[in-house]
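Peer 1: Sequence first, predicted coordinates after that:
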Amino acid sequence: MSGYVAPLKDMRFVLNELAGLAEVAKLPGYQDAAPDTVGAILEEASKFASEVLDPLNYSGDQEGSIWKDGAVATPKGFKQAYKQYVEGGWGALPFEPEWGGQGLPKLVATAVEEMLTSSNMSFSLCPLLTQGAIHALELCGSDALRQAYLGKIVQGTWTGTMNLTEPQAGSDLALVRTKAERAGDHYLISGQKIFITYGEHDMAENILHLVLARTPDAPEGVKGISLFLVPKFLPKPDGSPGERNRAKCASIEHKLGIHASPTAVMVFDKAAGYLVGEENKGLSYMFIMMNAARFSVGLEGVAIAERAFQRALAYARDRLQGKDLVEGGKTVSIIHHPDVRRMLMLMKSQTEAMRALAYVVAAAMDFAHKTGDKKHQAFIDLMIPVVKGWSTETGIEVASLGVQVHGGMGFIEETGAAQHLRDARITTIYEGTTGIQAMDLMGRKVAREGGATARAWIAEVKKLDAELARFPQFESIRKNLAGGVQAVSDCVDYIVANAGKDVKGVFAGAVPFLKLMGIVAGGWQMARAAMAAQAKLPQGDRKFLEAKIVTAQFFAEQVLVQAPALRDTVLKGASGVMALSEDQFLAA
Ligand SMILES: Cc1cc2nc3c(=O)[nH]c(=O)nc-3n(C[C@H](O)[C@H](O)[C@H](O)COP(=O)(O)OP(=O)(O)OC[C@H]3O[C@@H](n4cnc5c(N)ncnc54)[C@H](O)[C@@H]3O)c2cc1C
């Protein structure tokens, strides 16, 4: 089974040429993100990913986490790996030095996060949820809460969870029923949460649950939801874990994938909880966690695609089958066959496009954080559902292609290709399904503001046309990007004009629109990548740069070319989609 090797060349190329690491490093407080330091961080992270996490990926999947009497044992090696993760300071990378963080840009942390996820997605979920909890506490917690908890959780000695889902409340959080009754300086939390990632485990000494619940007099719906911090162990005055709180793990789920990541049913039985922020504002605070988590789940799509691609490539170079179509003669490895090449190129080009978009959005987060400039935040808000929805849907497609490249062996667990597909499958579901992301994109991010941010972005992409015109060899990139951006523009006009009067018709095309946005945003970055690679060719790494150009051209000609058809689907509205009655679905 081939091991994970971090794609450091591509990561550096994207960081430097597309995401503007040098500009990010000029922002106040980011002076440590100089190229040399970042290079060293990426090297170290890649070692940790390859040497510590990757070897536990397959065994962790086979073994799974195990629940017994309310406790959860993670697979062999996970506890030790987590200890090394904490000692390496990996979790603290993007957080404020005030809390023990390293104060590095989100952009740098994103590249590291991709490596951790590629090498072991199940493991990476614990830090992912913890980071969301840190954001919520940092931004919304009282001074007392921050002083009591942020240090431990930033260092990673304590981990965090996100407790939203209940049996009757999944996509629709207005239905949350968990109760919170005031009891002096704190609240008593009662209810059941399901599907809580790392809700219970043995890797850290304490777990901080961020829980959505309702106070008795709260208004109905999302306006009556508050956010509470419920520690597994209540801290003693010296800060160490003390009395066990009444928050218990009743069981964990048996799942299609991410077997090593425990997915817990949590029962809160008058557990002590502390209000985060103000009563009834919980959902807006939770969105802080969810936005960070949605971005990270989008990155999971990139990471799993990269891992599936690497495994498929290694197999394709190794597996002997069939003869060369032109040369005949000896049996050749399957990488000689055009259809296998097509699959590998689809995998590679989409992975690189997704990476580029995710890193560019991460850089925008740094600019937004440090400058407070609203245009960066607007771009992030527009792109979060795209990164989440498009990268995860494409991640599954790439992982599935990875199985196909392996032929029958892909369907057999031993090669590891099947695990990537199983693991990837959850990414389009949690943190908001693709359908929910797509409606967020169309409704909140486009229609509600009359298409302003989308049109500003369209104008930005259109500016590339003049630059691309200087490179006759990039004519197909130029043509397909122009077609793609026009398709987005047509859809934005249609959404803005029709969302108010025919919401079902417009939302029927929400997922095709999200996919359109993804491939055009990815194509935009690949076009920039082609030009940057061309400029660097005379003095750069020719093999890598030529491959980048060919990959960008392939993306334009085989992926971006689908944009006009997606536009046509969106503009069709609800016809067909809503045409059958519920009875007619059963008519056969
Ligand atoms: C492995 C795993 C880990 C998870 N981790 C966590 C966690 O740590 N914390 C947590 O709180 N939750 C977690 N979840 C829960 C996850 O976020 C939910 O499963 C997800 O939000 C979907 O909710 P649901 O399962 O109830 O599906 P439903 O909401 O019932 O959705 C079913 C289908 O209907 C569609 N749908 C629903 N409503 C609409 C609508 N209004 N318009 C259009 N389509 C709609 C959905 O897109 C989906 O296709 C996890 C789930 C799993 C499986």
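Peer 2: Done, it's in.

Peer 1: What residues does the protein have near the ligand?
Peer 2: Taking Cβ under 6 Å from any ligand atom as the contact definition, the chain meets the ligand at 129, 162-165, 170-171, 195-197, 255, 263, 426, 429-433, 435-436. No exception for glycine: its C-beta is placed from N, CA and C like everyone else's.

Peer 1: From the residues you listed, which land in helices?
Peer 2: Mapping the residues of the chain next to the ligand onto helices (DSSP state H) picks out 129, 435-436.

Peer 1: nearest to L229, of the residues you listed?
Peer 2: Nearest to L229, judged by Cβ to Cβ, of these is L129 at 13.8 Å.

Peer 1: ok, that closest one - contacts?
Peer 2: For L129, the contact set (Cβ atoms under 8 Å, 6 or more residues apart in numbering) comprises 159-162, 197-198, 293.

Peer 1: Identify the residues contacting the closest residue to V276 other than its chain neighbours.
Peer 2: Of all residues not flanking V276 in the chain, L227 sits nearest, at 4.3 Å (Cβ to Cβ, 6 or more residues apart in numbering). By Cβ under 8 Å, 6+ apart, the contact list for L227 reads 136, 140, 210-212, 275-277, 281-282, 285-286.

Peer 1: can you check F295 too?
Peer 2: 358, 361-362, 365, 384, 387-388.

Peer 1: Considering those, which possesses the most neighbours?
Peer 2: When neighbours are counted by other Cβ atoms under 10 Å, K388 leads the contacts of F295 with 35 neighbours.

Peer 1: Assign a three-state SS to it, would you?
Peer 2: Following DSSP: H, G, I helix; E, B strand; the rest coil, K388 is assigned to helix.

Peer 1: do the same with L227
Peer 2: Under three-state DSSP, the three-state class of L227 is strand.

Peer 1: Quick check: closest non-adjacent residue to the closest residue to the ligand within the stretch 251-400 of the chain.
Peer 2: Closest contact between the stretch 251-400 of the chain and the ligand, by Cβ to the nearest ligand atom, is at T263 (4.4 Å). Distance criterion Cβ to Cβ, 6+ apart; nearest residue to T263, sequence neighbours excluded, is E253 at 4.3 Å.

Peer 1: Could you do K255 as well?
Peer 2: Using Cβ to Cβ, 6+ apart and skipping the chain neighbours, the partner closest in space to K255 is T263 (6.2 Å).

Peer 1: Out of the contacts of L129, the closest to S240 would be?
Peer 2: T159 (15.8 Å).

Peer 1: out of the contacts of L129, which one sits closest to the ligand?
Peer 2: Distance to the ligand, by Cβ to the nearest ligand atom, is smallest for T197 among those, at 3.4 Å.

Peer 1: my read: the closest one touches S261, true?
Peer 2: Yes. Counting by Cβ atoms under 8 Å, S261 is a contact partner of T197 at 6.0 Å.

Peer 1: F507 is in contact with M442, isn't it?
Peer 2: Yes. F507 is in contact with M442 according to Cβ under 8 Å; the separation is 6.5 Å.

Peer 1: With neighbour numbers in mind, choose between the two.
Peer 2: Ranked by neighbour count (other Cβ under 10 Å), F507 and M442 place M442 first, with 27 against 22.

Peer 1: tell me the contacts of that one?
Peer 2: Contacts for M442 (Cβ under 8 Å, 6+ apart) come out as 495, 499, 506-507, 510, 513-514.

Peer 1: out of the residues of the chain next to the ligand, which are inside strands?
Peer 2: Taking DSSP state E, the ones among the residues of the chain next to the ligand that sit in strands are 162-163, 195-197, 263.

Peer 1: picking that back up, would you check how far apart the residue nearest to T263 and Q168 are?
Peer 2: For E253, the distance to Q168 equals 17 Å [Cβ to Cβ, to the nearest Å].

Peer 1: Could you check which of these two is surrounded by more residues?
Peer 2: Using other Cβ under 10 Å, the more surrounded residue of E253 and Q168 is E253, with 14 against 10.

Peer 1: Can you read off the pLDDT for the more buried one?
Peer 2: On pLDDT, E253 comes in at 97.

Peer 1: before we move on, the earlier item: what's the closest of the ones in helices among the residues of the chain next to the ligand to the ligand?
Peer 2: Looking across these and measuring by Cβ to the nearest ligand atom, the closest to the ligand is G435, at 3.4 Å.

Peer 1: what sits against the nearest residue to the closest one once chain neighbours are set aside?
Peer 2: Take G435 and drop its neighbours on the chain: the residue closest to it by Cβ to Cβ, 6+ apart is V511, 6.3 Å away. Shown in contact with V511 (Cβ under 8 Å, 6+ apart): 389, 434-435, 438.

Peer 1: could you dump these to a markdown table with distance to L299?
Peer 2: Below are those laid out as a markdown table (distance: Cβ to Cβ, whole Å):
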| residue | distance to L299 |
| --- | --- |
| G389 | 13 |
| T434 | 16 |
| G435 | 20 |
| A438 | 19 |
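
Peer 1: neighbour-wise, which of the residues you listed leads?
Peer 2: In terms of neighbours by other Cβ under 10 Å, these top out with G389 at 31 neighbours.

Peer 1: State the pLDDT value of whichever residue of the stretch 101-250 of the chain sits closest to the ligand.
Peer 2: Here the residue of the stretch 101-250 of the chain nearest the ligand is G170; by Cβ to the nearest ligand atom that distance is 1.6 Å. Predicted confidence (pLDDT) for G170: 95.

Peer 1: And it, its phi and psi?
Peer 2: Per-residue torsions, G170: phi -110, psi -100 (degrees, to the nearest 10).

Peer 1: Neighbours of the nearest residue to G277 once chain neighbours are set aside, how many?
Peer 2: Distances taken as Cβ to Cβ, 6+ apart place C140 nearest to G277, at 4.0 Å, with adjacent residues excluded. As a burial measure, C140 scores 22 neighbours (other Cβ under 10 Å).

Peer 1: same question, Q558
Peer 2: Applying other Cβ under 10 Å, we find 15 residues neighbouring Q558.

Peer 1: need the contact list for it.
Peer 2: If you count contacts by Cβ under 8 Å, 6+ apart, Q558 has them with 345-346, 349.
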